[in-house]
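In: This is a predicted model, with the sequence first.
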Amino acid sequence: SFDVAVGITLLYTVNDDVAALAELARVLRAGGAVLLLEPAFDSLRRAHDVTVHGRRRYRRHELADIAMRSGLRVRRATYAYSFLAPPAAVLAVLERRGTQPPQETGSDVDRRALDQVFAPLARAERRWLNQHDVPVGTSVVVVATRD
């Protein structure tokens, strides 16, 4: 058994997200914790999701509910990367309308031009998240424990 299990965009890519989280819960020791970081909001779905084989995106309450159904006690559920939500929403709308310039790849991993802008925003948000939740973001974060 494990003290901590971490799932980063794990449930997003598997056929049965409920079974996958139940397995993470099963291998935790009593008192152990799981940290989940999954893509948020189906409305933000884009070609990147298809490229990386993403099957679904979550709302905070949906991911927390899956954790509870897996026998875990949710300790915290929040969104993250709130500063990316507006540009991600614009890109999703443009892509759906077919007005986004064609890219060689559908993956956002290759698009690093704005890292210098986003890195300080990410640091500031992490400090904020130490004490507060955010109401929207491109990711959902859930921390849950096994009793």
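Out: Here it is on my side, so go on.
In: worst-scoring helix or strand of this protein, pLDDT-wise?
Out: Scoring the helices and strands of the chain by mean pLDDT, DSSP states H and E places helix 47-51 at the bottom, with a mean of 86.
In: ranges for the helices of this structure?
Out: Remark: helices assigned in the chain by DSSP state H are 17-27, 47-51, 60-69, 85-97, 115-129.
In: looking at the ones you listed, which one has the lowest mean pLDDT?
Out: Per-stretch mean pLDDT for the helices of the chain is lowest at helix 47-51 (a mean of 86).
In: list the buried ones in that helix?
Out: Applying a neighbour-count criterion of 16 or more other CB atoms under 10 Å, one finds 47-49 buried in helix 47-51. For every residue, glycine as well, the C-beta is placed using N, CA and C.
In: Next one: the nearest residue to Ala40 once chain neighbours are set aside relative to Glu62, how far apart?
Out: In this structure, Ala40 finds its nearest non-sequential neighbour in Val140, 4.7 Å apart by CB to CB, 6 or more residues apart in numbering. The span separating Val140 from Glu62 equals 8 Å under the rule CB to CB, to the nearest Å.
In: just Val74 next, same as before
Out: If you measure Val74 against Glu62 using CB to CB, the figure is 12 Å.
In: In the chain, where's the longest strand?
Out: Of all the segments assigned as strand in the chain under DSSP state E, the longest by residue count is strand 28-39.
In: what are the pairing partners of it, and which direction each?
Out: Taking DSSP bridges as the criterion, strand 28-39 sits next to strand 2-8 (parallel), strand 139-146 (antiparallel) in its sheet.
In: quick one, which of these is nearest to Arg56?
Out: strand 139-146 (11.3 Å; CB to CB).
In: quick one: the residue nearest to Ala40 and Arg56 touch, right?
Out: No: between Val140 and Arg56 there is no contact, the gap being 11.3 Å when judged by CB atoms under 8 Å.
In: Quick check: Leu10 touching Ala20?
Out: Yes: because the distance of 6.6 Å satisfies CB under 8 Å, Leu10 is recorded as touching Ala20.
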